[in-house]
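Colleague: whatever this is, show me its structure:
(chains A and B)
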Amino acid sequence: EDKVVQSPLSLVVHEGDTVTLNCSYEVTNFRSLLWYKQEKKAPTFLFMLTSSGIEKKSGRLSSILDKKELFSILNITATQTGDSAIYLCAVSYAGGTSYGKLTFGQGTILTVHP
Amino acid sequence: KAGVTQTPRYLIKTRGQQVTLSCSPISGHRSVSWYQQTPGQGLQFLFEYFSETQRNKGNFPGRFSGRQFSNSRSEMNVSTLELGDSALYLCASSWTGADYGYTFGSGTRLTVV
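Modeller: Coordinates of the predicted model:
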């Protein structure tokens, strides 16, 4: 059975701290790994990673994929209270019976205190 | 451009009733998928449609069904509602599916009493 596991499940930090969120996966027909941020309802897209070792950056957020060790990390530097959210990791499929679906991890609840 | 639109935003239904939720994808997106989000199970895949055809279905009972219309709008239906169906139902759209990122709507919050 396909698995996507995120750690930690929750994290409390203070503004200015740097955080690293982890996502490991065991799936067949892997296509890409996606990161989403969910504040209230709609998960908003952060990154899609398909190649190993290539870091993607957007402002204070960055992410990288290791296809050999089957994991990804999401880094947030100089955290702000607006970064408080659930961070979701998901895997998409290249084909086979799972094509068209995303398998999500449990999510990491990040709380940033002023 | 407009995002993914889901209606209604909130619903309260009684056990045994049925419900229909609607999703309008981003213009040009032909893939629409549905997810159920609960505190205990997280986000779970329900089904995915592409050009009016269901390409994939998750592990949900047959009470959960969906369809996609020629304009790519999609509906999902849940019959004989149970208390455990209370959840946030999210719709996501994409150009073709796996090769592009998925954009989510704000969801429909369904409460079954």
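Colleague: what are the buried residues along whichever strand or helix holds B:Gln37?
Modeller: If you go by DSSP states H and E, B:Gln37 is part of strand B:31-38. For strand B:31-38, the buried set under the neighbour-count rule, 16 or more other Cβ atoms under 10 Å in any protein chain shown, comprises B:31-37. Any C-beta I mention is one placed from the backbone N, CA and C, and that applies to glycine too.
Colleague: so which bits of chain B are right by chain A?
Modeller: B:3-4, B:31, B:33, B:35, B:42-45, B:48, B:50, B:55-56, B:58, B:88, B:90, B:92, B:97-107, B:109 (Cβ under 8 Å from any Cβ of the partner chain).
Colleague: follow-up on the earlier one: which other helices and strands does the strand holding B:Gln37 contact?
Modeller: Packed against strand B:31-38 by the contact rule (3 or more Cβ pairs under 8 Å, 6 or more residues apart in numbering or on different chains; DSSP states H and E) you find strand A:102-104, strand B:42-50, strand B:74-78, strand B:87-94.
Colleague: so how far is stretch B:41-60 from its chain's centroid?
Modeller: 8 Å (Cα atoms, centre = their mean, to the nearest Å).
Colleague: which one, of the helices and strands packed on strand B:31-38, ends up nearest to A:Lys40?
Modeller: Nearest of the helices and strands packed on strand B:31-38 to A:Lys40, taken as Cβ to Cβ: strand B:87-94 at 10.1 Å.
Colleague: partner strands of the very next helix or strand once past that closest one and their direction?
Modeller: Using DSSP H and E, the helix or strand that follows strand B:87-94 in sequence is strand B:103-104. Partner strands for strand B:103-104, per DSSP bridges, with pairing direction: strand B:87-94 (antiparallel).
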